[in-house]
Each structure stands twice: as structure tokens, then as C-alpha cells.
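**Q** heads up, no residue letters with this:
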């Protein structure tokens, strides 16, 4: 069964890559990401791509945005809208890349632990960006789609002293899996744990004891790749870490989609969720309604742009 599922994923990945290669790129930002090779020991073997608007002043925020399987760093930065927003809001953008359209190793404890593998590689990239652009170390954010979203949760959990907040789209809770065979069950149907046990996994990832990163969560209700139940588990994990309960303090709609906000004891919004009705696996974008993002293989025009609303939640705007 595992072999059949893996072969099916490889076939789907090949189709997605082919679609990406045949698509006509329509960049809507001022520049393009460039690759940087000198950022540290790079134990995870990742590639570093970066972008900053011309004349970016010292003290600007830094956003780390991680692609999904079969995507490239540049493709995700473009389609998600993060490159557009870097120009609009004036921040530096870091786009880590797993070579050859691969998946970040969120499920592998040797890649997803503090001081190890891919997690350390991304941290080294962050250090390089902050030094080069003289960025504000208090305003560093991590986000991603699918495997990149799961890796964003890894970065928030393993380096909570580095990231002020984050955003996960169609992702998976931290430490749902520690090796590949476990990852499939995490993707679907998902793993049901208590908020306390999820939170304990984050608290056990470092010696840090807060304040913890805030989190914006997004998931499509028709996602057949990563079960929507994962958003609930992520909400439970990060509300618990942040000292909030699992009852939303704000329930409204944004663009017609259910939006929930969870606050801590001081009234600070620490977790928000967006449930995108009818959307399959991918990143919500709004090229027309919000001038944010571009439709692609895993970027869906739903009238609401996840990147834009995440940035507002973080205070980037």
C-alpha cells in the first residue's frame, strides 16, 4: 500500500512539474529572486534564493516563504504573492529551495530539529539575510505551502526565539511524524491528539519558554492531499503553546470564508484560521480582488490572498 501511494505521488508530481514548465510566467513584481551560496555549512543541502526591493532601508522585516513539493522557490514566491508584497510593503524575502522540486523534510527528525539538517540550513539563511540587509531581528516570519507549510511549523517550533509569527497553508502540525512512513498518515486522515500533547511537542523542541510565535492557518475544505483536519490540530497545538483555549474569541467571515481568531489571557490574537470552502490543495490567491498572487498549479484564485492577510495579521502592512 505504501509503495502504491508513493508511486502515485511521484506520478502526480511529474504531471505538476510538466504543467509548471509549460506555463507562461507573468511576473508582477519589480525584480526576480537571486541565488546565494555563501550562507553557512548548509547541513540540509538546501538552496538559498533571496529578494529585496531596491533601496530597502535598514531595519526592514524579513519573510521566509517555503514552497510545496514539485515547486521552485521563484515559482512559489511569484504565485503566492509574496514577491508582490515585498515591493508593496518593503521587506526582504527569503525563499529556501529543496533541489530538484523535492519536498522539505518536515517528517524527518534529522532534518527538522534545532541545530540539525534543513532546519539549521534555513536558520543560517536567516542569519545571512539579517546581516546583509541589516534587518530587524524582532520581525522575522516563516510561512509555506504544503510541505513548505509543515516546514514553517518546524521553524517556528525549533527556533521560536528567531520568528515572531508564521503562516501555514495546507500544512501539518509539528512532530506529527519523525520518519517518512509516518508522514502519509499525517497527511491523510491526519493524527488526532490533545492540545496539551501537541503543545508539549513544541515546548520540547528547544529550551525557549516564550513569548511564542503567533500563527495564521489556511486550508481548503476539498483538499485531498493534506486532510483539512490538520488545520484543527495545528490550531490546538499553537493555541496551547500560546496559553489560549480552543474556543474562538472572534468568529466572522472574510471574503465569504469562515475566519476564527483565538486570543490569549491578555486579549492578544495568537492564532487565526481561514477555512476556504471548495478549495483543493494549494495556496489561496486573489489576483483581481486584492492584486495579490497569480493562478498556478497550486495557487487558486478564491478572491482572498493568504499572503496578504497573513502579513496584516503579523503587522507587516
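**A** Looks like it arrived, so ask away. Remember, predicted model here, so these are calculated numbers, not experimental data. Numbering: from 1, shown residues only.

**Q** From the chain's centroid, how far away is stretch 138-155?
**A** With C-alpha atoms, centre = their mean, to the nearest Å as the basis, stretch 138-155 stands 4 Å off its chain's centre.

**Q** State the mean pLDDT of that stretch.
**A** If you average the pLDDT over stretch 138-155, you get 99.

**Q** try stretch 166-185
**A** Average pLDDT, stretch 166-185: 98.

**Q** May I see the buried residues of it?
**A** 166-177, 183 (16 or more other C-beta atoms under 10 Å). Any C-beta I mention is one placed from the backbone N, CA and C, and that applies to glycine too.

**Q** go on, stretch 290-310?
**A** Under the neighbour-count criterion of 16+ other C-beta under 10 Å, stretch 290-310 has 290, 292-294, 296-310 buried.

**Q** Filter these down to just the ones in strands.
**A** Using DSSP state E, the subset of these located in strands is 299, 300, 301.

**Q** any chance of those residues in JSON lines, with distance to residue 262 and pLDDT too?
**A** Listed next are those as JSON lines, based on distance: C-beta to C-beta, whole Å; pLDDT from 0 to 100:
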{"residue": "299", "distance to residue 262": "27", "pLDDT": "98"}
{"residue": "300", "distance to residue 262": "25", "pLDDT": "98"}
{"residue": "301", "distance to residue 262": "28", "pLDDT": "98"}
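
**Q** Of those residues, which is the nearest to residue 144?
**A** residue 299 (13.3 Å; C-beta to C-beta).

**Q** ok, the closest one - contacts?
**A** Listed by C-beta atoms under 8 Å, 6 or more residues apart in numbering, the contact set of residue 299 reads 79, 80, 282, 283, 285, 293.

**Q** and it, how far is that from residue 145?
**A** 9 Å (C-beta to C-beta, to the nearest Å).

**Q** Then residue 63?
**A** Residue 63 sits 14 Å away from residue 145, going by C-beta to C-beta.

**Q** Give me the more crowded residue out of those two.
**A** A count of neighbours by other C-beta atoms under 10 Å puts residue 145 above the other of residue 63 and residue 145, at 32 against 28.

**Q** Quick check, central residue of the chain?
**A** Nearest to the geometric centre of the chain sits residue 144, at 2.0 Å (C-alpha atoms, centre = their mean).

**Q** How many residues are close by the nearest residue to that residue once chain neighbours are set aside?
**A** Taking C-beta to C-beta, 6 or more residues apart in numbering as the measure, residue 144 lies nearest to residue 66, with 3.4 Å between them; neighbours along the chain are not counted. Look at residue 66: counted by other C-beta under 10 Å, it has 31 neighbours.

**Q** mind listing what the nearest residue to residue 187 once chain neighbours are set aside touches?
**A** Of all residues not flanking residue 187 in the chain, residue 226 sits nearest, at 5.1 Å (C-beta to C-beta, 6+ apart). Listed by C-beta under 8 Å, 6+ apart, the contact set of residue 226 reads 146, 170, 171, 172, 187, 188, 219, 281.
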